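Chemist: task: produce atomic coordinates for the following.
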Amino acid sequence: MKQLSLDNLRTFVTVVDLCGFAKAGEKLGRSQPAVSLQIKRLEQQLSKRLFNKQGQRQVVNQDGLDLYKKAQTMLDLNDSIFRQFQPTSLKGRLRLGIPSEFATTLLPSIIGEFGKLYPDVSLEVTSALSKSLLEDEEINGFDLVMALVDPDTDVDGKVLLIDELVWVGDRSLTYRQASLSLVLAPDGCVYRSRVISKLKQQTQQWRISYTNADLSGITAAIKQGLGISVLAKSSVPEQLDIIRHNHLPELGTIKICLFSGKSQHPQASEKLAEFIQSRLVKTN
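Modeler: Below is the predicted model:
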């Protein structure tokens, strides 16, 4: 017997609600190609096109609208079952520390789904460099801390993912290969440290043209042509492209880890940790 994927249906409903694949991807913390693939699988399973192309846009058609109503009903029923049969009613305030790039690309989808299942749990989110979040006096102020750690470093936290570090930029712009212009976070950022270490091993000229701790600021600078940057592959926003050229050194991998602080609400903290891990795995 055929079964529809609730995950694909939720993506489909989000695309219709937000009138676009890109906007749905931003909300769900997924790339546009990943969203498109989910919609394609749904269409293949139903043997129906759900969207028609109008110019550069994909517009939901009548079959899509018919499915939309039924999909909403299925998702509402699914969510209500989980709310009804949760073993405990979780309450309290959770303090989450998370790097800026993941606060932008991963967190929006987590907040929406977690909030629906646990409406009595409030999230207080702090975005900062991993180094700052992991300082002893800081980590004790959080229930959970998501942070980036060098792959050869032993950690007390749980390793969620070993991710590739990639160069990112805007493919529509032309970059000078003879001298790299870099857009980086401030001192203490693991991306910055890795890039500088690798480039010092080469003869190529480079300079840091712009510094900003926030992903939105880095993205804006890249779009303005100030240079290229480096991110964990799972955190690359839709607005940026992965850049691969022979003159750019390989950067290796990074550990994405989750650390537990002193929580007054351990059950809620554990559930949030499960959400973060499952969402991070889905995006890769």
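Chemist: quick check: domain ranges of this protein?
Modeler: As assigned by automatic domain parsing, the chain contains the domains 6-85, 92-150+258-282, 163-254.
Chemist: select, out of the ones you listed, the one closest to G157.
Modeler: Among the domains of the chain, domain 92-150+258-282 comes nearest to G157, with 3.7 Å by C-beta to C-beta. For glycine as for every other residue, the C-beta is placed from the backbone atoms N, C-alpha and C.
Chemist: and that closest one, how far out from the chain's middle?
Modeler: Offset of domain 92-150+258-282 from its chain centre (C-alpha atoms, centre = their mean, to the nearest Å): 13 Å.
Chemist: mean confidence score for it?
Modeler: Averaged across domain 92-150+258-282, the pLDDT comes to 86.
Chemist: equivalent analysis for stretch 213-227, please.
Modeler: Here the average pLDDT along stretch 213-227 is 93.
Chemist: top strand in the protein by residue count?
Modeler: strand 158-169 (DSSP state E).
Chemist: name the helices or strands packed onto the helix or strand that comes right after that one?
Modeler: Going down the chain from strand 158-169, the next helix or strand is strand 179-184, by DSSP states H and E. Judged by 3 or more C-beta pairs under 8 Å, 6 or more residues apart in numbering; DSSP states H and E, the packing partners of strand 179-184 are helix 190-199, strand 205-211, helix 215-223, strand 229-232.
Chemist: direction included, what does the longest strand of the chain pair up with?
Modeler: Partners of strand 158-169 in the sheet, by DSSP bridges, are strand 229-232 (antiparallel), strand 241-243 (antiparallel), strand 253-260 (antiparallel).
Chemist: give me the contact list for that strand.
Modeler: Residues outside strand 158-169 that contact it (C-beta atoms under 8 Å, 6 or more residues apart in numbering) are 146, 151, 175, 191, 194, 222, 227-234, 236, 240-245, 248, 251-259, 273, 276-277, 280-281, 284.
Chemist: ok, 6 Å please
Modeler: Here strand 158-169 makes contact (C-beta atoms under 6 Å, 6 or more residues apart in numbering) with 222, 228-234, 236, 240, 242-243, 248, 251, 253-258, 277, 280.
Chemist: buried residues, that strand. List them.
Modeler: Buried positions in strand 158-169, judged by neighbour count with 16 or more other C-beta atoms under 10 Å: 160-161, 163, 165-169.
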